[in-house]
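*Asks:* Structure, please.
(one chain, ligands or ions: 1)
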Amino acid sequence: MSGELDVVTFGEAMMMLVADQPGPLEHAKAFHKRTAGAETNVAIGLARLGLKVGWASRLGADSMGRYLLAEMQGEGIDCSHVVSDPTQRTALQFKGRVTDGSDPPIEYHRKGSAASRMQVSDVDVSWLRSARHLHSTGVFAAISENCFEVQRKTMTLMREAGKTVSFDPNLRPTLWPSIQRMCEGINELAFLADWVFPGIEEGRLLTGRQTPEDIAGFYRRGGPRKGGPSLVVIKLGADGAYFESANEQGYVPGFPVDTVLDTVGAGDGFAVGVISALLAGLPLRKAVERGAWIGARAVQVLGDTEGLPTRDVLEQAGR
Ligand SMILES: O=C(O)C(=O)C[C@H](O)[C@H](O)CO
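*Replies:* As a prediction, the model looks like this:
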C-alpha cells in the first residue's frame, strides 16, 4: 500500500489467548485466539472507519508473528514497516474471564520480544511524516528503554513537522521498573502530545490531582514548554468523559451497557472515536461522544477489537 497515510502508530502486537471460562488462568482448559496491543487496536479501529493507517513494529519469524501480520493486513493496515526478526519471538498474552465487570487478569510473555528490540534507527522519517497524525500509547514506551526512545523520537518528529500527535497513557505498572519512573516517563511523553487521553485513575496517579478539571489543567498549563497538549480528554468509565481545550470544556455522559464482558480495549475504542472524528473536522463534543460510544461497545465483547465498528455501523448509529 502506498500514498499518504492518515494515521501512523508504532507498537507491539501480541497474540492473545482469552480463557473460555471465568476462574484462575491456571484452571482454564480452552482459549479463544485473538490479537492484542493498544496501538494495533487503535490502528484496526481507524482502518475499519476507512482511514489509511500505517503500523510499524517488529514481529518474530514464528507462527504468532505470521498470524498477527495477516490479521493486520486483513484490516487494510499498511504493514510495510513491520519487520520479521528471525532472532526473537513474538509476544504472547493470556487473558482471564471475569463476571463482575472488573479488569480481567492478564499474563504477559513479552519480555525481550521482537517488538521490544525496536530502535530509533528503525524509524523511517519520510514514511512517518507522510501521515497527518501519530497515535502513541504508554504501553509501547514501557516495553523497553529503546522503545521509549522510539516513542519520544516519533512524537517529536511529528510535532516538529506540524502534524498532530495523540497519546493515551495506558498505564501498565508491571512493565515499568517503578511507579515513579512510570509517572515521570509517561508525563514526559504526554507533554509532547497535542491530545492526551488519560483514564481518571491514571490521571490521579500521574498528576497527584483529583478532579478531571485539575488533571486537565496539569497537562494543559503545567508543561515544561509552550505548545503542550491543546486537548485533554479524561475517560470516566461508565460516567462518560470530561474534555478541555483552549476554547471549550464539558462533560459527555456514558452510554448505558447491560453487561460488561471485558473492559480491556475500551480506552483504545475511545481513542478511535475521538481521533477519527477530530481528523474529520467534527466538533470536539461530537468527537468525545463518538469515543464514549465506541468505548461502550468495546466492553461488551471478549476480545479487544470485535466491538470496533465499521464506517457503515457508525453511520447507521448516527455517530
Ligand atoms: O499491552 C497490553 O498491556 C495489553 O493489555 C494489550 C491490550 O490489547 C491493550 O493494552 C489494550 O489497551
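*Asks:* Quick check: residues of the stretch 151-300 of the chain near the ligand?
*Replies:* The stretch 151-300 of the chain comes close to the ligand at residues N170, R172, V264, G265, G267, D268, as judged by CB under 6 Å from any ligand atom. The C-beta positions use only the backbone N, C-alpha and C, and glycine is treated the same way.
*Asks:* same thing with the stretch 1-150 of the chain?
*Replies:* Counting by CB under 6 Å from any ligand atom, the stretch 1-150 of the chain sits next to the ligand at A36, G37, A38, N41, I106, V139.
*Asks:* how about the closest residue to the fourth one other than its chain neighbours, secondary structure?
*Replies:* With sequence-adjacent residues excluded and distances taken as CB to CB, 6 or more residues apart in numbering, N41 is closest to D268, at 3.7 Å. Reducing the assignment at D268 to three states with DSSP: H, G, I helix; E, B strand; the rest coil gives helix.
*Asks:* and F218, how many neighbours?
*Replies:* Using other CB atoms under 10 Å, the number of residues around F218 comes to 21.
*Asks:* returning to what we had before: now tabulate the residues of the stretch 1-150 of the chain next to the ligand in CSV and tack on pLDDT, secondary structure and neighbour count.
*Replies:* CSV is the format used below for those (pLDDT from 0 to 100; DSSP: H, G, I helix; E, B strand; the rest coil; neighbours: other CB atoms under 10 Å):
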residue, pLDDT, secondary structure, neighbour count
A36, 97, strand, 27
G37, 98, coil, 31
A38, 98, helix, 26
N41, 98, helix, 28
I106, 93, strand, 15
V139, 98, helix, 22
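*Asks:* Farthest pair within those residues?
*Replies:* Farthest-apart pair in those is N41 and I106; separation 14.1 Å (CB to CB).
*Asks:* neighbouring contacts of stretch 144-155?
*Replies:* Stretch 144-155 is contacted by residues 10, 12, 115-120, 122-123, 128, 134, 136, 140-142, 165, 167, 185, 188-189, 192-193 when judged by CB atoms under 8 Å, 6 or more residues apart in numbering.
*Asks:* PyMOL command to pick out the buried ones of those residues?
*Replies:* Applying 16 or more other CB atoms under 10 Å to the contacts of stretch 144-155, the buried members can be selected in PyMOL as follows:
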select buried, resi 10+12+115+116+117+118+122+123+128+134+136+140+141+142+165+167+185+188+189+192+193
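*Asks:* Which ones among the contacts of stretch 144-155 lie within helices?
*Replies:* Taking DSSP state H, the ones among the contacts of stretch 144-155 that sit in helices are L128, F140, A141, A142, G185, E188, L189.
*Asks:* Correct me if wrong: the second one contacts M14.
*Replies:* Yep, that's F140 we're talking about. No. If you go by CB atoms under 8 Å, F140 and M14 don't touch, sitting 11.8 Å apart.
*Asks:* just the strands in the protein please.
*Replies:* 5-10, 14-19, 31-36, 53-60, 78-85, 91-95, 106-109, 131-137, 164-168, 195-196, 231-235, 241-245, 249-252 (DSSP state E).
*Asks:* would TSV of those strands with distance to Y67 be doable?
*Replies:* What follows is those, written out as TSV (distance: least, CB to CB, whole Å):
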stretch	distance to Y67
strand 5-10	19
strand 14-19	6
strand 31-36	8
strand 53-60	9
strand 78-85	12
strand 91-95	11
strand 106-109	15
strand 131-137	22
strand 164-168	25
strand 195-196	32
strand 231-235	30
strand 241-245	34
strand 249-252	36
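*Asks:* Tell me how far H133 lies from F148.
*Replies:* Distance, H133 to F148, by CB to CB, to the nearest Å: 21 Å.
*Asks:* do G162 as well
*Replies:* Noted for G162: a distance of 24 Å to F148, by CB to CB.
*Asks:* any weak-confidence spans in the stretch 101-250 of the chain?
*Replies:* Counting by pLDDT under 70, the stretch 101-250 of the chain contains low-confidence ranges at 225.
*Asks:* For stretch 294-301, the averaged confidence score.
*Replies:* Averaging pLDDT along stretch 294-301 yields 95.
*Asks:* scratch that, stretch 74-86
*Replies:* Mean pLDDT, computed over stretch 74-86, is 98.
*Asks:* ok, residues contacting that stretch?
*Replies:* Looking at stretch 74-86 with CB under 8 Å, 6+ apart, the contacting residues turn out to be 1, 5, 40, 43-44, 47-48, 52-61, 65, 69, 72-73, 114, 117, 122, 124, 127.
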